[in-house]
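Chemist: Any chance you could fold what I've pasted below:
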Amino acid sequence: MPKSTFNVLIQKHHFMMLFFMGIFSAFSQDLEPRVYANVPKNLNVAAIGYAYMDGNVLTEPSLPISDFTIQSHNLAATYVRTFGLSNKLARVQVALPFTFMDGSANVNGENITGSRTGFADMKVRFGVNLLGSPALDKAEFRKYEQKTILGMSLVTSIPTGKYYDDKRVNIGTNRWGFKPEIGVSQRFSHFYAEVYGGVWFYTDNNDFLGKKLEQKPTYSLQAHTSYYFKNSMWVGFNTNWFFGGKTITDGVSDASAIDNWRVGATFSTPIAKGQSIRFQYHVGAYTNNGLNYYAITAAYQYSFF
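Modeler: Numbering: from 1, shown residues only. Okay, the predicted model is just below:
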């Protein structure tokens with residue numbers, strides 16, 4: 001495999017920003033291309049990134065709140081390691097975000113402002129490419145050409161984020177989340193097409209304003225199409241549909257189920273050997289229950305063996 005193609009394939013991971021608006025976790029909104037890409041084993045990817053988010057967020061329909069907007073500046077550090085597992089390519093990814101968040105809302109006709117700063121919940125992804133992606137070392141990998149890959153992963157959200165049990169708006173979730181996911185990746189010359197499907201399951205938050213907050217599973221579908229240039233630069237179109245996630249507070253359910261569709265674009269380019277930068281923009285194309293915001297992200301990645 002040409003060296004330029006190899007450089008393209010190792011530039012596949014970017015950080016994900018997470019934040020929690022009282023009753024909905026943004027985990028289901030991931031737009032993450034190249035999660036199941038074919039790469040060599042024993043590869044390390046370290047990344048640091050920034051994301052800016054601005055727009056309307058979800059609130060409880062029963063509350064006298066309107067014009068609820070958030071502006072957040074987010075930093076995240078991510079580390080990825082690939083390895084062989086029963087001759088299959090496996091990887092583990094750890095991401096830890098830090099958030100600076102400001103918001104405002106109209107409550108009973110009065111404008112209220114506030115801010116939050118602190119760590120968000122850590123996210124750990126463990127995945128295995130079951131078909132079409134053997135665990136190859138660097139030399140063997142140069143001779144291998146990807147076709148169709150079938151992979152599975154488990155994403156775990158760990159409640160490391162800052163949380164106040166007497167406030168509705170928080171950075172942390174104060175609960176665990178688990179998302180089993182299956183993904184298919186197909187190469188067509190310079191094009192890559194990917195589809196993922198997953199379901200978020202949540203534990204209960206037993207300290208939500210002195211009440212127990214439950215959330216039903218949230219379903220997520222992603223699709224990505226990417227085009228790779230000869231100089232290892234690539235561009236991609238990203239889309240995501242996520243639905244479900246109705247919340248129940250002390251046994252009383254509300255009209256908080258979501259049905260949202262987001263679209264975006266990604267651009268990545270190498271800047272030196274083993275180094276690249278990536279930019280992404282995404283926005284809500286359809287929102288039925290808030291979450292009408294846009295996000296801009298930038299990340300620097302360093303890949304090494």
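Chemist: Contacts only, for Asp121.
Modeler: Asp121 sits next to 18, 20, 97, 157-161, 172-173, 177 when contact means C-beta atoms under 8 Å, 6 or more residues apart in numbering. Every residue, glycine included, has its C-beta placed from N, CA and C.
Chemist: buried subset of those?
Modeler: Taking 16 or more other C-beta atoms under 10 Å as the criterion, what is buried in the contacts of Asp121 is 18, 20, 97, 157, 159-161, 172-173, 177.
Chemist: Take those and lay them out in CSV including pLDDT, secondary structure and distance to Ala135.
Modeler: As requested, these are exported to CSV (pLDDT from 0 to 100; DSSP: H, G, I helix; E, B strand; the rest coil; distance: C-beta to C-beta, whole Å):
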residue, pLDDT, secondary structure, distance to Ala135
Leu18, 24, coil, 30
Phe20, 30, strand, 36
Pro97, 94, strand, 30
Ser157, 95, strand, 27
Pro159, 96, coil, 33
Thr160, 96, coil, 31
Gly161, 95, coil, 34
Gly172, 92, coil, 36
Thr173, 92, coil, 34
Gly177, 95, strand, 29
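Chemist: with those residues in mind, which one is nearest to Thr239?
Modeler: Closest approach to Thr239 among the buried ones among the contacts of Asp121 (C-beta to C-beta): Leu18, at 19.4 Å.
Chemist: ok, Tyr192 touching Tyr36?
Modeler: No - contact between Tyr192 and Tyr36 fails when scored by C-beta atoms under 8 Å: they sit 10.2 Å apart.
Chemist: so what's in contact with those two at the same time?
Modeler: By C-beta under 8 Å, 6+ apart, the residues touching both Tyr192 and Tyr36 are Ser185.
Chemist: higher neighbour count, these two?
Modeler: Set Tyr192 next to Tyr36 and count neighbours by other C-beta atoms under 10 Å: Tyr36 wins out with 27 against 24.
Chemist: Could you tell me the phi and psi values at the more buried one?
Modeler: phi -110, psi 30 (degrees, to the nearest 10).
Chemist: Once you drop chain neighbours, what's closest to it?
Modeler: Gly151 (3.7 Å; C-beta to C-beta, 6 or more residues apart in numbering).
Chemist: Can you tell me what sits against the one helix or strand the one you found maps to?
Modeler: Using DSSP states H and E, Gly151 maps to strand 148-158. Here strand 148-158 makes contact (C-beta under 8 Å, 6+ apart) with 18, 25, 27, 35-38, 121-133, 173, 176-187, 198.
Chemist: Which of these fall in strands?
Modeler: Members of the contacts of strand 148-158 lying in strands (criterion: DSSP state E): 122-131, 177-187, 198.
Chemist: now the residues you listed: which count as buried?
Modeler: 122-123, 125, 127-129, 177, 179, 181, 183-185, 187, 198.
Chemist: Where does confidence bottom out across the residues you listed?
Modeler: The member of these with the lowest pLDDT is Arg187, at 91.
Chemist: So what sits opposite the residue lying closest to Gly264 once chain neighbours are set aside in the bridge?
Modeler: Of all residues not flanking Gly264 in the chain, His282 sits nearest, at 2.8 Å (C-beta to C-beta, 6+ apart). Judged by DSSP bridges, the bridge partners of His282 are Gly264, Ala295.
Chemist: thinking again about what came up before, and the buried ones among the contacts of Asp121, which two are the farthest apart?
Modeler: Counting by C-beta to C-beta, the most remote pair of the buried ones among the contacts of Asp121 is Pro97 and Gly177, 14.2 Å apart.
Chemist: Quick one: name whatever helix or strand follows the helix or strand bottoming out on mean pLDDT in the chain.
Modeler: When each helix and strand of the chain is scored by mean pLDDT, DSSP states H and E, helix 3-9 comes last, with a mean of 35. Going down the chain from helix 3-9, the next helix or strand is strand 44-56, by DSSP H and E.
Chemist: So what's the model's average confidence on stretch 206-214?
Modeler: 93.
Chemist: tell me how far the ends of that stretch are from each other?
Modeler: By C-alpha to C-alpha, to the nearest Å, the extent of stretch 206-214 from end to end equals 8 Å.
Chemist: Pull out the buried positions in that stretch.
Modeler: 208, 213-214.
Chemist: now those residues in a markdown table, with distance to Lys167 and secondary structure?
Modeler: Shown next, in a markdown table, are these (distance: C-beta to C-beta, whole Å; DSSP: H, G, I helix; E, B strand; the rest coil):
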| residue | distance to Lys167 | secondary structure |
| --- | --- | --- |
| Phe208 | 10 | strand |
| Leu213 | 13 | strand |
| Glu214 | 19 | strand |
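Chemist: Could you dump the residues you listed into CSV with distance to Ala265 added?
Modeler: Compiled in CSV, the buried residues of stretch 206-214 are given as follows (distance: C-beta to C-beta, whole Å):
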residue, distance to Ala265
Phe208, 36
Leu213, 35
Glu214, 36
